[in-house]
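Trainee: Have a look; sequence and predicted model below, questions after that.
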There are 2 protein chains.
Amino acid sequence: MKPKISLVSLGVRDFRTTLAFYRDGLGLPVHNYSEGEDFCMLRLEGTWLSLYPRDKLAEDATVKDDGVGFPGFSLAHNVASREEVDAVFAHALAVGATSVKAPQEVFWGGYSGYFADPDGYLWEVAHNPFTDLT
Amino acid sequence: MKPKISLVSLGVRDFRTTLAFYRDGLGLPVHNYSEGEDFCMLRLEGTWLSLYPRDKLAEDATVKDDGVGFPGFSLAHNVASREEVDAVFAHALAVGATSVKAPQEVFWGGYSGYFADPDGYLWEVAHNPFTDLT
């Protein structure tokens, strides 16, 4: 496993306000964002930051946003193929992670799974065939 | 402001278990860690990951870990001087961030402040004179 956080995703409650803060306020560069969308990737140096509605981020990870189990954010580790997703995911479980969502095809056209670290923080292991975040 | 997350810090409940998971299990490279310490920095590609007891991370940010206000993690933006900390911090407040801890000297020898983004996620703006994370 390459030692890298590919993407930090923040689950946000008011997407327009948060987007305005990061994009217009702090001046972080957005990537392929079209006005009106509720998902935005900010291309930072070394890693990426994404903003996504909090309920949808929880839904993507198949966890409940009930104020207990979902910390509101996730870290992603992106790899170059589906097979690598399966391998990294299996390795994480073998060393103590908890499976949250087994790797599977996802609606945006990629392939990903979620595991929880010992504190319940969520890692997505993903293959994105459209945008190389590896 | 350079568009960069310098450090992702996870607040952990059982430090030894979490350290073993990331260091020994996933094989992430540690930086200057001495056995028995309760703070560990993992040098990843592009950004750093740090592990710190959850209560101490909350204390450093001067927030309560009461299950409501503290999401359990923080993002850091490191800069090269105290003056830059002040400037980035002031800019963040000017564009909508909430001050959580005004920039000040901290026990580990650096200078840092915390602001909250519109969703309450914590950003530390820091100058670390010992380790260059910029």
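Mentor: Received the coordinates, thanks.
Trainee: Partner strands of the longest strand along chain A, with direction?
Mentor: Ranked by residue count under DSSP state E, the longest strand found in chain A is strand A:98-105. Sheet pairing here is set by DSSP bridges, and for strand A:98-105 it gives strand A:111-116 (antiparallel).
Trainee: List the buried residues of the partner strand.
Mentor: A:Y111, A:S112, A:G113, A:Y114, A:F115, A:A116 (16 or more other Cβ atoms under 10 Å in any protein chain shown). No exception for glycine: its C-beta is placed from N, CA and C like everyone else's.
Trainee: Just the buried positions in the longest strand of chain A, please.
Mentor: A:V100, A:K101, A:P103.
Trainee: and what of stretch A:116-126?
Mentor: Here stretch A:116-126 shows A:A116, A:D117, A:P118, A:D119, A:Y121, A:L122, A:W123, A:E124, A:V125, A:A126 as buried, counting by 16+ other Cβ under 10 Å.
Trainee: What are the phi and psi values at the last one?
Mentor: Going back to what we said before, that points to A:A126. phi -140, psi 150 (degrees, to the nearest 10).
Trainee: Any idea what it is bridged to?
Mentor: Bridge pairing for A:A126 - DSSP bridges - gives A:N78, A:S112.
Trainee: gap between it and chain B?
Mentor: For A:A126, the distance to chain B (Cβ to the nearest Cβ, to the nearest Å) stands at 16 Å.
Trainee: For chain A, just list every one of the strands.
Mentor: Under DSSP E, chain A gives strands at A:7-12, A:30-31, A:40-43, A:48-53, A:73-78, A:98-105, A:111-116, A:122-127.
Trainee: who's in contact with the residue of chain A positioned farthest from its centre?
Mentor: Residue farthest from the centre of chain A, counting by Cα atoms, centre = their mean, is A:G25 at 22.9 Å. The contact partners of A:G25, taken as Cβ atoms under 8 Å, 6 or more residues apart in numbering or on different chains, are B:A92, B:A94, B:V95, B:G96, B:A97.
Trainee: Local confidence estimate at A:V68?
Mentor: Per-residue confidence (pLDDT) for A:V68: 73.
Trainee: Now do it: how many residues are near it, please.
Mentor: Neighbour count of A:V68, defined by other Cβ atoms under 10 Å in any protein chain shown: 10.
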